[in-house]
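Got a sequence here, can you build the structure:
(2 chains)
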Amino acid sequence: MKVYLDNSATTAMAAEVIEAMLPYFSDEMGNAQSVHSFGQRAKAAVEKARREVAALINAAPLEIVFVSGGTEADNLAIRGIAEAHRDHGRHIITTKIEHPAVLATCEALEASGYRVTYLPVSRTGIVSADDVRQAIGDETILISVMLANNETGTIQPIEEISALVNQARSRGLKHLHLHTDAVQAVGKVAVDVDRLGVDLLSLSGHKIHGPKGIGALYVRKGTRLAKLLYGGHHERDRRAGTENVPGIAGLGRAAELARTQLDERINRMRALRDYLEQQLLSRFNGVRINGDIQQRVPNVSNLSFAGIDGESLLIALDLKGIAVSTGSACASGSLEPSHVLQAIGLSRDEVRGSLRFSLGAYTTREEIDYAISVLVDTVSRLRDMIPTDEPDEAKAALQ
Amino acid sequence: MYSPQLAEHIAHPRNVGEINNPSGIGDVTNEVCLDRIKLTVLVEGDLLIDAKVKASGCPPTIAAASVLTELIIGRSVEQVRSVTRTDVANALGHLPPAKAHCTALAIDALRAAVESLTHKL
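Numbers count the residues shown, from 1 in each chain, chains lettered A, B, ... in the order given. Just a heads-up that it's a prediction; the model follows:
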């Protein structure tokens, strides 16, 4: 049996999404910028998708910019604001648990003269709005905080932060912007840009059963943003380059499915995720849930198995057809553990024994039952292999 | 990333456990990553007739510990002394360069077990 529980890494495309994309690879190959009818049909597909993506996050279609994925969306948001507003300040606030697409972009800006504050998070992985408030200064032009963390699924208090942003603006910080990387949140929780109060929001197609190589950046109307790519005047001059029409059509359909099936998907994934956790916690000692048990997306479970190396468990599960991921990585004898799990204060052993299970909209109860049965065998076997200081007989006698 | 041979040892580790009253013990830990291998061996005359191993850590460490027992059981102590990291690595097929150190831990466990043997004899 093959069980894919790594949907935070990527998802399988929905059958409806593939169907929506297919015409645009062949018969409907037009360039959406072309005046002829091929081009106009492609343009119509792009605009239909734009309406669907906008509807998913309660935005206006003109506020959606199609890009190549989550990484480009994050780069465009951060570098775009930083460059466009550099004369008004060069300070950015973010957190220690952001995706590398945000962290590496911020580090690059630091190298070119910007100042970046990387805020810590609590033991459950949540940034404090009060820390954000204290970090805001006269030079601050951007706050970038993810909506849901990619490793633990923990949801960040974006609404509280946007209230602070509004207060700061009313005090005169007119150039302060709020960006959220919602790549892991869209399709798992209701996302509404007005309720969140964000100016920019990143999302990605392949995390919501859409295609890889396509994503979108929501840019609130009136936001001044520098461009990353120079070229034609595509995407209302926000993003140059011929539109990826099949990808955009697929993202549009994936967004429509995510919106119309949201409640059903949430209930289903949460029930299966909670069942998985209950079964594992009841059968093993030394298993802990990482992140915030309440404030998290319904499809992610990040667990630490005491005494076990996450990668060994991952490989053993893979041999049984089960795909998961781990925050533990050892290279050249030095551990390079997850920056997220370190930031929430996990011990070295807890990071090492961590596994992330991430469910998708199509995960079944049968698959979860199979995963539980394999995990019970595998975790027991790996734990039985752990060397002890006493011979087995002496150890057994002690028990 | 990992060879089929290595994966097979993760799926079915060989000779797991500890020998009671062993002839030699090699219990070693990599102080950087804390991977640990505990090897116990039983020697009769000049022949290593049994070996058991326990291991914790990353996949190549567990696989190296497992394959090591296959490389030494039934060999003479002299033959066992000449087993090298390369022998362990070859038996596991390809190892990513960053994981090559795991074979060293297996050989350290073997050397320690043989050393404790020499002291006893």
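
When you work out contacts or count neighbours from here on, use the C-alpha atoms and nothing else.
OK.

so where do the helices sit in chain B?
Using DSSP state H, the helices of chain B run over B:4-11, B:59-72, B:77-81, B:85-91, B:101-120.

so of those helices, which one's packed in deepest?
With neighbours defined as mean count of other C-alpha atoms under 10 Å in any protein chain shown, those peak in mean count at helix B:59-72, which reaches a mean of 25.

my read: B:K38 touches B:I25, true?
Yes - the pair B:K38 / B:I25 is scored as a contact, 7.2 Å apart, by C-alpha atoms under 8 Å.

quick one: contacts for A:I141?
A:I141 makes contact with A:81-82, A:85, A:88-92, A:175-177, according to C-alpha atoms under 8 Å, 6 or more residues apart in numbering or on different chains.

In helices, which of those fall?
When DSSP H defines the helices, the subset of the contacts of A:I141 inside them is A:81-82.

Specify which member of the contacts of A:I141 is nearest to B:E8.
Checking the contacts of A:I141 against B:E8 by C-alpha to C-alpha gives A:I92 as the nearest, at 48.9 Å.

Burial check on that closest one, number of neighbours?
Using other C-alpha atoms under 10 Å in any protein chain shown as the criterion, A:I92 is surrounded by 27 other residues.

bridging residues for it?
Beta bridges link A:I92 to A:V116, A:L142, judged by DSSP bridges.

ok, and the most crowded of the contacts of A:I141?
Comparing those by number of neighbours (other C-alpha under 10 Å), A:I92 comes first, having 27 neighbours.

Relative to A:V127, how far out is it?
15 Å (C-alpha to C-alpha, to the nearest Å).

if we can go back for a sec, can I get the contacts of A:I141 in JSON lines including pLDDT?
Below are those laid out as JSON lines (pLDDT from 0 to 100):
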{"residue": "A:I81", "pLDDT": "98"}
{"residue": "A:A82", "pLDDT": "98"}
{"residue": "A:H85", "pLDDT": "98"}
{"residue": "A:H88", "pLDDT": "96"}
{"residue": "A:G89", "pLDDT": "97"}
{"residue": "A:R90", "pLDDT": "98"}
{"residue": "A:H91", "pLDDT": "98"}
{"residue": "A:I92", "pLDDT": "98"}
{"residue": "A:H175", "pLDDT": "97"}
{"residue": "A:L176", "pLDDT": "98"}
{"residue": "A:H177", "pLDDT": "98"}
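
In contact with the residue nearest to B:A51 when sequence neighbours are not counted, which residues?
Using C-alpha to C-alpha, 6 or more residues apart in numbering or on different chains and skipping the chain neighbours, the partner closest in space to B:A51 is B:V41 (4.3 Å). Residues in contact with B:V41 (C-alpha under 8 Å, 6+ apart) are B:19, B:22-25, B:48-52, B:113.

Which of the residues you listed sits closest to chain A?
The closest of the contacts of B:V41 to chain A turns out to be B:I19 (C-alpha to the nearest C-alpha; 7.9 Å).

ok now the helix or strand that A:E159 is a member of, how far from the chain's centre?
For A:E159, the element it lies in under DSSP states H and E is helix A:158-170. Centroid displacement of helix A:158-170 relative to its chain, using C-alpha atoms, centre = their mean, to the nearest Å, is 23 Å.

I'd like the mean pLDDT over it, please.
In this model, helix A:158-170 has an average pLDDT of 98.

Below-threshold pLDDT in chain B: ranges please.
Applying pLDDT under 70 to chain B flags the ranges B:119-121.

one more time with 80, if that's ok
Flagging of chain B using pLDDT under 80 yields the residue ranges B:1, B:118-121.

That one against chain A: which residues are in contact?
The interface of chain B toward chain A, taken as C-alpha under 8 Å from any C-alpha of the partner chain, is made up of B:7, B:10-11, B:16-20, B:32-33, B:36-38, B:54-59, B:97-101.

Quick check: ChimeraX command selecting the buried ones in those residues.
Applying 16 or more other C-alpha atoms under 10 Å in any protein chain shown to the residues of chain B next to chain A, the buried members can be selected in ChimeraX as follows:
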select /B:7,10,11,16,17,18,19,33,36,37,38,54,55,56,57,58,59,99,100,101
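
Filter the residues of chain B next to chain A down to the ones in strands?
With strands taken from DSSP state E, the overlap with the residues of chain B next to chain A comprises B:36-38, B:54-56.

what's the most distant pair in those?
It's B:K38 and B:S56 that sit farthest apart of these, by C-alpha to C-alpha, at 9.2 Å.

Now the common contact residues for the two.
Counting by C-alpha under 8 Å, 6+ apart, the common neighbours of B:K38 and B:S56 are A:P387.

Specify the beta-bridge partners of B:I37.
Note on B:I37: beta-bridge partners by DSSP bridges are B:V28, B:A55.

so what's it up against?
A:387, B:26-29, B:53-56, B:61, B:65, B:105-106, B:109.

The helix holding A:E159 packs against which elements?
In terms of contacts (3 or more C-alpha pairs under 8 Å, 6 or more residues apart in numbering or on different chains; DSSP states H and E), helix A:158-170 is packed against helix A:129-135, strand A:177-181, helix A:193-196.

List the contacts of it.
Contacts to helix A:158-170, defined as C-alpha under 8 Å, 6+ apart, come from residues A:129, A:132-133, A:145, A:147, A:175-178, A:180, A:195-198.

and with 6 Å instead?
Here helix A:158-170 makes contact (C-alpha atoms under 6 Å, 6 or more residues apart in numbering or on different chains) with A:129, A:196-197.

can you list the domains in chain A?
A:3-8+A:262-393, A:15-260 (automatic domain parsing).

so which of the contacts of B:I37 comes closest to A:R365?
The closest of the contacts of B:I37 to A:R365 turns out to be B:S56 (C-alpha to C-alpha; 31.8 Å).

Test my guess that that closest one contacts A:D384.
No - between B:S56 and A:D384 there is no contact under C-alpha atoms under 6 Å: 9.6 Å.

Look at A:G247 and give its secondary structure.
The local conformation at A:G247, judged by DSSP: H, G, I helix; E, B strand; the rest coil, is helix.

Tell me the spacing between it and chain B.
From A:G247 across to chain B, the span is 30 Å (C-alpha to the nearest C-alpha, to the nearest Å).

What count of nearby residues applies to A:E151?
By other C-alpha under 10 Å, the residues close to A:E151 number 28.

For A:I126, see how far away it is.
Taking C-alpha to C-alpha, one finds A:E151 at 13 Å from A:I126.

B:H12 now?
In terms of C-alpha to C-alpha, B:H12 sits 41 Å off from A:I126.

tell me which residues of stretch A:234-243 are tucked away?
Using 16+ other C-alpha under 10 Å as the test for burial, stretch A:234-243 gives A:234-235, A:238-240, A:243.

Spatially, which two of the residues you listed are the most separated?
A:R238 and A:E243, at 12.2 Å, using C-alpha to C-alpha across the buried residues of stretch A:234-243.

if I pick residue 109, what's in contact with it?
All of this refers to chain A. Here A:L109 is in contact with no residue (C-alpha under 6 Å, 6+ apart).

should've been chain B
B:A109 makes contact with B:26-28, according to C-alpha under 6 Å, 6+ apart.

Dump the residues you listed to JSON lines, plus neighbour count.
As requested, the contacts of B:A109 are arranged in JSON lines below (neighbours: other C-alpha atoms under 10 Å in any protein chain shown):
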{"residue": "B:G26", "neighbour count": "22"}
{"residue": "B:D27", "neighbour count": "23"}
{"residue": "B:V28", "neighbour count": "23"}
